[in-house]
Structures are given as structure tokens and as C-alpha cells.
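S.K.: sequence below, structure please.
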Amino acid sequence: MQTIFDSKTLPAAKRRQAWQDAICEIYLRVDCAAESQSSYDGFVREIRFGEVTLTDTLSSPQSVLRQSRHIAQLEKDCYYMGLAQSGNINIRQAKSSMTMHAGVGALFDANEPYELRCDTKLRSFWVELPRQAFASRFASERPPLTAHLNLSRGLGRIAVEFCSALALEGANLDPQSRARLGEQFMDILALAISAEPDRRPPAEACVQSGRLLLVRNYIDEHLSDPNLSLGDIAKKNGISLRTLHQLFHPMGMSASEWLRTRRLQRSYDLLSSPQHETKSITEIAYSIGFNSSSHFSNLFRTQFGLRPSDVRKTSAASGLS
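M.R.: Next up is the predicted model:
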């Protein structure tokens, strides 16, 4: 994902004002008031999937207000779908109010006045959905505004898992594949929000998407097993090896490439985490299924353009700043 803003690149005393200038006044076009006047902790990362824009954000406690004067300057006509990863935020629009948190997503109109208030640090995905294309997926030609979406089970969970996969792997895909996945993401979100049967994606595609998510979840739960094989993954999920490969084909990578990428991503998280700073790089490599430290280091550098030791040094320096 492309980094639009990251407060860690600035001195603490300048972060809040920089966030307001760069993000609130230019990128989002809203009024923004942060609770803390001394510093600000936040980032904005973005990637596009055709007409759909996916943003991964971290924000400190703040209030956000979009008014008519902001809307008059907007060039896009769209909806926002919020899928929180941690923290919570209250959303007010028209006469409706709702709280979005890790178990509940929210859909609202980006081109109507709204107010957001967050009293905690919030990590969230925000999905920008083109109005006409998304509305056409509903029988009424209009999605329910400030709609709640249960993210803990069923289609809501599938939607948020799909979103996480897009954020993680989207940069590795070609523009055509990203555009197709953007269309599929709108299908899944619309299906999750509305139970209208005539607006569902084809049954086979829906089943395949759900099965893929289950397989990815299984892989994530067994990354530490050095003997995890594609045969084991297929058998435990009740599918053939051929079906396993077919499931990953739309993502532009093989199942083995996905497994390797997830292990490398997990290793990056562990290396940058203060909770694991006492573990050696070799220990971390072995803990996520690699059985060769040198092989792990080569794969890591190919994937991220950095050595594992570089990530650890950067994390340590950041913790001292």
C-alpha cells in the first residue's frame, strides 16, 4: 500500500498540525480536532482496486466534521464503508447515530454532512465505494445508510477477511486483477449489507470466496508448523490439491506463494514488535515455520527490500524517539 502520511517521520511536536494540514484539509476535506494538542500518532496508507479505494489508517482520539462547504469541493461521489480493526468511533449522519468497532462495520454517505468522534486510538480500514456502481447492487438502487455490518460472523466476517487480504497482497497484483477484485469486494459488501437474493454474486463464486477465506485462516493458524504442506492444507479443508490451486489463482499467486508471504509478513510483525525484541532473528524464523536462518533472510530481503536486522534496528530506533 502507498503511504500517504505517517506521523513517525516527523518530530512529535509537529505531528498534530501536519495531520490536520495534509490529511484533514487536503486529502479528506474535513474539519479535524485532535484531543491531544502536543502530538499525534497516525498514518494513512492507500491502494486502489479499480473504482474502489482501500485505505488503512491509524488515528489518535479526534473529532471529524464534514460540512456542506467541504462537500462542494469534492470531486468524487461515493460511500464510505468503515471496518475497524481496533478501537471504536461514533458516526452521526442526518438523524442517525451508530458506533463502529472491531465487531461492527458502518456504511455512510461521503457526500452528505457527517460527524465522526473517536475517543480512543483507532485502527481501521476505510473503503471508498463509487456511488452508482455500489448502489446498483441493491434492489432499491440505494444501500441503507449508516448500515450496521456484523463483522464477527457470516458474510460480515468474510467481508473483513477479504478486505485484510486485499490490503496485504494488493500491491503484488497487476491493475487488471486489482480492478476485478474491487468488483468482487463490492459484491461481497453488498451481499453482507443486504439479504436481497437477486443482488448476490453467482452462487459458485460466493462459495469459492468463502472457501478461500477458510483456507487462508487455516494457513494463518498453522504458520508455525515447519511441516505444513499443501497436501495437509487441502486435506484438512476437505478439498483436492487441484481445487486448492484453483482457489488462489484469482489472487495472482499460488498457494505455496501465499503461505510463504504470510510467514514473511508474520515475521516482519514479530521483528518490529517490542514484545519480541528479546528473541533472536533465528528464533523468530524458526517460530514461524522456516528451518533455515539464511534461507529466511534471503526470502525476507527479496520480499521487503530490507534485511531482518534492518527492521529490528528501525523498530528499536522508533521506540527511543
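
S.K.: and the closest residue in space to S292 that isn't next to it in sequence, how close does it get to S256?
M.R.: Once flanking residues are discounted, S292 sits nearest to A285: 7.8 Å by CB to CB, 6 or more residues apart in numbering. Every C-beta, even on glycine, is put in place using the N, C-alpha and C of the backbone. Distance, A285 to S256, by CB to CB, to the nearest Å: 18 Å.

S.K.: ok, now E183?
M.R.: Taken as CB to CB, the span from E183 to S256 is 27 Å.

S.K.: the stretch 151-300 of the chain: strands as residue ranges?
M.R.: Applying DSSP state E, counting those that start in this stretch to the stretch 151-300 of the chain gives no strands.

S.K.: where does it have low pLDDT?
M.R.: Scanning the stretch 151-300 of the chain for pLDDT under 70 picks out 195-209, 250-252.

S.K.: look up phi and psi at H222.
M.R.: In this entry, H222 is assigned phi and psi values of phi -120, psi 20 (degrees, to the nearest 10).

S.K.: can I assume A171 is in contact with E46?
M.R.: No: under the criterion of CB atoms under 8 Å, A171 is not in contact with E46, lying 10.8 Å apart.

S.K.: between these two, tell me which one has more neighbours.
M.R.: E46 (18 against 11; other CB atoms under 10 Å).

S.K.: run a quick neighbour tally on the residue nearest to the more buried one when sequence neighbours are not counted.
M.R.: In this structure, E46 finds its nearest non-sequential neighbour in T55, 4.9 Å apart by CB to CB, 6+ apart. Close neighbours of T55, defined as other CB under 10 Å, add up to 21.

S.K.: let me know the pLDDT of T55.
M.R.: Here, the pLDDT recorded for T55 equals 91.

S.K.: now do the SS call for it.
M.R.: Of the three states, T55 takes strand under DSSP: H, G, I helix; E, B strand; the rest coil.

S.K.: bridged to it, which residues?
M.R.: Taking DSSP bridges as the rule, T55 bridges to E46, W126.

S.K.: how about it, what does it touch?
M.R.: 44-46, 125-128 (CB atoms under 8 Å, 6 or more residues apart in numbering).

S.K.: scan those residues and report the most crowded one.
M.R.: Using other CB under 10 Å as the neighbour test, the contacts of T55 are led by V127, with 25 neighbours.

S.K.: could you find the closest non-adjacent residue to that residue?
M.R.: M81 (4.1 Å).

S.K.: which SS class is the one you found?
M.R.: Per three-state DSSP, M81 ends up strand.

S.K.: neighbours of it, how many?
M.R.: Per other CB under 10 Å, the neighbour tally for M81 reads 28.

S.K.: low-confidence ranges, the stretch 1-150 of the chain, go.
M.R.: Low-confidence segments of the stretch 1-150 of the chain (pLDDT under 70): 25-27, 34-39, 145-147.

S.K.: quick one, helices of it?
M.R.: Using DSSP state H, counting those that start in this stretch, the helices found in the stretch 1-150 of the chain span residues 12-19, 68-71, 131-135.

S.K.: elements contacting the last one?
M.R.: The elements that helix 131-135 packs onto, with contact taken as 3 or more CB pairs under 8 Å, 6 or more residues apart in numbering; DSSP states H and E, are strand 78-86, helix 175-193.

S.K.: domain-wise, how is the protein divided?
M.R.: Per automatic domain parsing, the domain ranges recorded for the chain read 1-201, 225-321.

S.K.: what's the spacing between I233 and N227?
M.R.: 12 Å.

S.K.: more neighbours: which of those two?
M.R.: Using other CB under 10 Å, the more surrounded residue of I233 and N227 is I233, with 21 against 8.

S.K.: isn't the more buried one up against Y218?
M.R.: Yes: applying CB under 8 Å, one finds I233 in contact with Y218, separated by 6.4 Å.
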